[in-house]
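J.: Kindly generate the corresponding structure for this input.
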Amino acid sequence: MSEYAIVAPEDFDQSVFRLIGKEWMLVTAKNQEGKVNTMTASWGGFGVMWGKNVAVTVLRPQRYTKEFIDQSESFTLSFYDDTFKKDLSYLGSVSGRDEDKIAKTRLTPTDANGIPFFEEAKIVLICKKLYSQPMDPAGFVDKSLDEQWYPNEDYHVLYAAEIEQILVRKDS
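T.: Predicted coordinates for the structure are as follows:
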């Protein structure tokens, strides 16, 4: 397994706008049977809530990975260099319900204390779920967002999770 340094959240100096919005991330969890699933995401954020360092991500109800997140206490958000963009694109376009999509990538599953991620990650956030809530269309102040992003009314579920540990690859 690759070697990682543990970085305190307050010392993490990466741009969340670049990491999530441009480079994307994998949201990865293990279900009760021990199977791992992952999906690519490009929406989310980091901040402080309830006196804790948190990550926020959102998943649509039809995503298979959501079932894994719902069955887990913890999950990971992981980030990769540009050489893995094609793999992340594939993982975001194919369902783990239909095939072993991880096996069709260059990523190698591993874990930290039983919480799954991939050896090739340059950054891994190990997250413990704190809160989950389906988005309510009544909450949209800017109604155009509802029209643009939810024409099928498949509103994301928002997850806020405590960032328990940040791992940064030593050779990155």
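
J.: okay, CA-based contacts and neighbour counts for the rest of this
T.: Fine.

J.: so the residue nearest the centre of the chain is in which element?
T.: Per C-alpha atoms, centre = their mean, the C-alpha nearest to the average position across the chain is that of residue 27, at 2.5 Å. Assigned by DSSP states H and E, residue 27 belongs to strand 25-30.

J.: For the helix or strand just after that strand, what does the pLDDT average out to?
T.: The first helix or strand that comes after strand 25-30 along the chain, using DSSP H and E, is strand 36-41. Taken as a whole, strand 36-41 has a mean pLDDT of 96.

J.: now strand 36-41, how far from the chain's geometric center?
T.: Mean-position distance between strand 36-41 and its chain equals 7 Å (C-alpha atoms, centre = their mean, to the nearest Å).

J.: Give me the contacts around that strand.
T.: Contacts to strand 36-41, defined as C-alpha atoms under 8 Å, 6 or more residues apart in numbering, come from residues 20, 24-30, 64-65, 68, 88-89, 91-92, 96, 102, 116.

J.: Now do the helices in this structure.
T.: With helices called from DSSP state H, the chain shows them at 16-18, 64-71, 85-93, 143-149.

J.: Residue 48 is nearest to which of these?
T.: helix 16-18 (13.6 Å; C-alpha to C-alpha).

J.: Residue 84: how many residues sit nearby?
T.: Residue 84 has 17 neighbouring residues, counting by other C-alpha atoms under 10 Å.

J.: what angle do the strand holding residue 27 and helix 64-71 make?
T.: 50 degrees (axes from the mean of the first three to the mean of the last three C-alpha atoms, to 10 degrees).

J.: Please name the strands paired to strand 25-30 in the sheet, noting orientation.
T.: Take DSSP bridges as the rule and strand 25-30 pairs in its sheet with strand 36-41 (antiparallel), strand 74-79 (antiparallel).

J.: Make TSV out of those strands and add mean neighbour count and distance to residue 6.
T.: Shown next, in TSV, are those (neighbours: other C-alpha atoms under 10 Å; distance: least, C-alpha to C-alpha, whole Å):
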stretch	mean neighbour count	distance to residue 6
strand 36-41	24	23
strand 74-79	26	14
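
J.: List the beta-bridge partners for residue 169.
T.: Counting by DSSP bridges, the residues bridging with residue 169 are residue 4.

J.: so it makes contact with residue 122?
T.: Yes. Between residue 169 and residue 122 there is a contact at 4.9 Å, judged by C-alpha atoms under 8 Å.

J.: pLDDT below threshold where in this structure?
T.: 1-2, 172 (pLDDT under 70).
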